[in-house]
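*Asks:* Compute the structure for the input listed below.
(one chain, ligands or ions: 1)
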Amino acid sequence: MTEDFSLQELSRLRADFPILGRVGRGGKPIAYLDFSATSQKPVQVIDAISNFYRTSNGAVHRGTHLLGDESTAAFEEGRSILADFIGGRANEIVWTKNATEAINLVALAMRNVSLDNAAKPSPVKLAAGDNIVITRAEHHANLVPWQQLCAATGTELRWLDLHEDGRIDCETLGVIDEHTRLVAFTHVSNVTGAVSPVESIVSRARQCGALVLLDTCQSSAHMPVDVRELGVDFAVFSSHKMLGPTGIGALWGRAELLSQMPPVLTGGSMIEDVTMESSTFMPAPERFEAGSQPIAQIVGWSAALQYLSGIGMARIAEHERILTSYMLEGISGIDGVRVLGPGADKERIGVVAFAVEGVHPHDVGQVLDSQDIAVRVGHHCAIPLHHFFGVRSSTRASVGPTTTREEIDRFIDALGQVRSYFGGK
Ligand code: PLP
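*Replies:* The predicted structure is shown next:
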């Protein structure tokens, strides 16, 4: 049994995050319950970025001077640090701007190879009659690129459907068939917090010979994620959700797949040779990394991953599990609040979206902000999932490693007052 953090440990941890001392509009320290949108950064990450620029900044893979060598070492070490964190290998990590770009990279490589009649055979090449399967619970980042790919190649887009509480319904796994080339789905929903039945989906995909892409944006900062144990072929990661900086994400892909995919962006840093007529490309992962790369961001993300590992992902998961149950229990005591997602008895994490009867989410967000509680409002880039629940938008509270019971108490207390501001009980 993994232990929850002690109070002393939690307060030591919180002391690493300068922003948690920030006082909000209402005069109290901000209770940050918006980890799903973006995480806050510990001083170890902020210092790593600042020290990089103070001491080592140089271009990578392009020089013989000390600063270039140090930057190159930090850049490549970042690949190994992320690979260790997710159970992959360094040569399987492709740096991208964010998770959205990582998903687009796979979709665009599939498009390029599928539309090129002269292309060599590739496991990501689509043929007439093929389909791609997603789920109704996807963030737009894992929906729109597949719509675009299907429209460009004449491929059918299908999706797994959901139980009433937003969990993926394995009874609908039959949409994956022998014509499915790829199944792309989220590990954890950014609306319902539900953990997807990865094993069942992967096993059905394998039976049908389909590849699997996993979107770990909402899982990789909140639970242990091991890509080989999960049995997927591609996975995408977002630094800014993992205590790291914005501007950097990654695609992990099995080496044998990456090596059979064409480049998407082309230019400097990804070529082997260039003539005026044509070019040859480096092997993966460099083939996918055209142009100057975000080195300081990689250094910051590396520090974030080391920080998370230092705490232990299983302990973070346990801490957040306890807080999630506590939050759901608090919400259940408030009249007129409907949670869009499963209860604490199901496999889920601390992403809790809800609708307040008779009050628009923006108004809910403003009342909470007036009491210095930071939550997200809107459709959270998941419009089809909101339609499924019969609402246009919602309010979402989400927890992270620094969240305390006291912050959740403040949130529940303020949420309990919301309807009275607008004439409800
Ligand atoms: N997928 C999910 C489930 C998300 O929650 C998000 C961001 O909110 C994304 C993808 C997009 O991530 P990024 O900001 O790294 O592009």
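
*Asks:* what's the spacing between residue 275 and residue 414?
*Replies:* 65 Å (Cβ to Cβ, to the nearest Å). Where C-beta positions appear, they are placed from N, C-alpha and C, glycine not excepted.

*Asks:* Domain ranges for this structure, per the record?
*Replies:* 7-41+312-417, 48-309 (automatic domain parsing).

*Asks:* before we move on, back to that, between residue 275 and residue 414, which has more neighbouring residues?
*Replies:* Under the neighbour definition other Cβ atoms under 10 Å, residue 275 and residue 414 were set side by side, and residue 414 has more, 20 against 7.

*Asks:* contacting residues around the residue nearest to that one when sequence neighbours are not counted?
*Replies:* Leaving aside its sequence neighbours, residue 414 sits nearest to residue 371 (Cβ to Cβ, 6 or more residues apart in numbering; 4.4 Å). Applying Cβ atoms under 8 Å, 6 or more residues apart in numbering, we find residue 371 in contact with 26, 28, 410, 414.

*Asks:* Residue 326 versus residue 409, what's the distance?
*Replies:* For residue 409 relative to residue 326 (Cβ to Cβ), the value is 9 Å.

*Asks:* neighbour-wise, which of the two wins?
*Replies:* Legend: neighbour count by other Cβ under 10 Å for residue 409 and residue 326, higher for residue 326 (18 against 14).

*Asks:* Which pLDDT value belongs to the nearest residue in space to the more buried one that is not next to it in sequence?
*Replies:* Among residues not flanking residue 326 along the chain, residue 408 sits closest, at 5.7 Å (Cβ to Cβ, 6+ apart). Note on residue 408: pLDDT of 98.

*Asks:* what sits against residue 385?
*Replies:* Going by Cβ under 8 Å, 6+ apart, residue 385 touches 136, 137, 138, 166, 189, 191, 192.

*Asks:* The same query, at a cut-off of 6 Å, please.
*Replies:* Taking Cβ atoms under 6 Å, 6 or more residues apart in numbering as the contact definition, residue 385 lies against 137, 191.

*Asks:* What of residue 158?
*Replies:* Taking Cβ under 6 Å, 6+ apart as the criterion, residue 158 is in contact with 131, 133, 175.

*Asks:* neighbour-wise, which of those leads?
*Replies:* For the contacts of residue 158, the largest neighbour count, defined by other Cβ under 10 Å, is 27 neighbours, found at residue 133.

*Asks:* Double-check that residue 159 belongs to a strand.
*Replies:* Yes. Applying DSSP: H, G, I helix; E, B strand; the rest coil, one finds residue 159 inside a strand.

*Asks:* burial count for it?
*Replies:* Close neighbours of residue 159, defined as other Cβ under 10 Å, add up to 19.

*Asks:* for residue 55, helix, strand, or coil?
*Replies:* helix.

*Asks:* Smallest gap between the stretch 251-400 of the chain and the ligand, at which residue?
*Replies:* residue 381 (6.0 Å; Cβ to the nearest ligand atom).

*Asks:* Surely that residue touches residue 140?
*Replies:* Yes. Using Cβ atoms under 6 Å, residue 381 is in contact with residue 140, at 4.5 Å.

*Asks:* Quick check: residues of the protein near the ligand?
*Replies:* By Cβ under 6 Å from any ligand atom, the residues of the chain that approach the ligand are 98-100, 139, 141-142, 186, 190, 215, 217-218, 238, 249, 381.

*Asks:* In strands, which of the residues you listed appear?
*Replies:* 186, 215, 238, 249 (DSSP state E).

*Asks:* and stretch 184-191, average pLDDT?
*Replies:* 98.

*Asks:* Which residues outside that stretch are in contact with it?
*Replies:* Contacts of stretch 184-191 (Cβ under 6 Å, 6+ apart): 36, 134-135, 137-139, 142, 195-196, 213-216, 218-219, 349, 353, 380, 382, 385.

*Asks:* what's near enough to touch the residue of the stretch 251-400 of the chain closest to the ligand?
*Replies:* Counted by Cβ under 6 Å, 6+ apart, residue 381 has contacts 139, 140.

*Asks:* now with 10 Å?
*Replies:* Residues in contact with residue 381 (Cβ atoms under 10 Å, 6 or more residues apart in numbering) are 37, 100, 138, 139, 140, 141, 142, 143, 144, 190, 191.

*Asks:* wait, residue 291 sits on residue 271?
*Replies:* No. Residue 291 is not in contact with residue 271 according to Cβ atoms under 10 Å; the separation is 11.5 Å.

*Asks:* more crowded one of those two?
*Replies:* Taking other Cβ under 10 Å, residue 291 and residue 271 do not tie; residue 271 has more neighbours (16 against 10).

*Asks:* hey, what's the more buried one bridged with?
*Replies:* Going by DSSP bridges, residue 271 is paired in beta bridges with residue 281.

*Asks:* before we move on, what about residue 158?
*Replies:* residue 133.

*Asks:* Number the residues from 15 up from this point.
*Replies:* Let's use 15 as the start, then, which means that last one is residue 172.

*Asks:* wait, is residue 360 part of a helix?
*Replies:* No. Applying three-state DSSP, one finds residue 360 to be coil, outside a helix.

*Asks:* What about it, how many residues nearby?
*Replies:* Residues near residue 360, counting by other Cβ under 10 Å, number 15.

*Asks:* which residues touch it?
*Replies:* 177, 179, 180, 181, 206, 207, 208, 209.

*Asks:* Compute the distance between it and residue 208, please.
*Replies:* Remark: distance between residue 360 and residue 208 (Cβ to Cβ) = 7 Å.

*Asks:* do residue 167 as well
*Replies:* As judged by Cβ to Cβ, residue 167 and residue 208 stand 30 Å apart.
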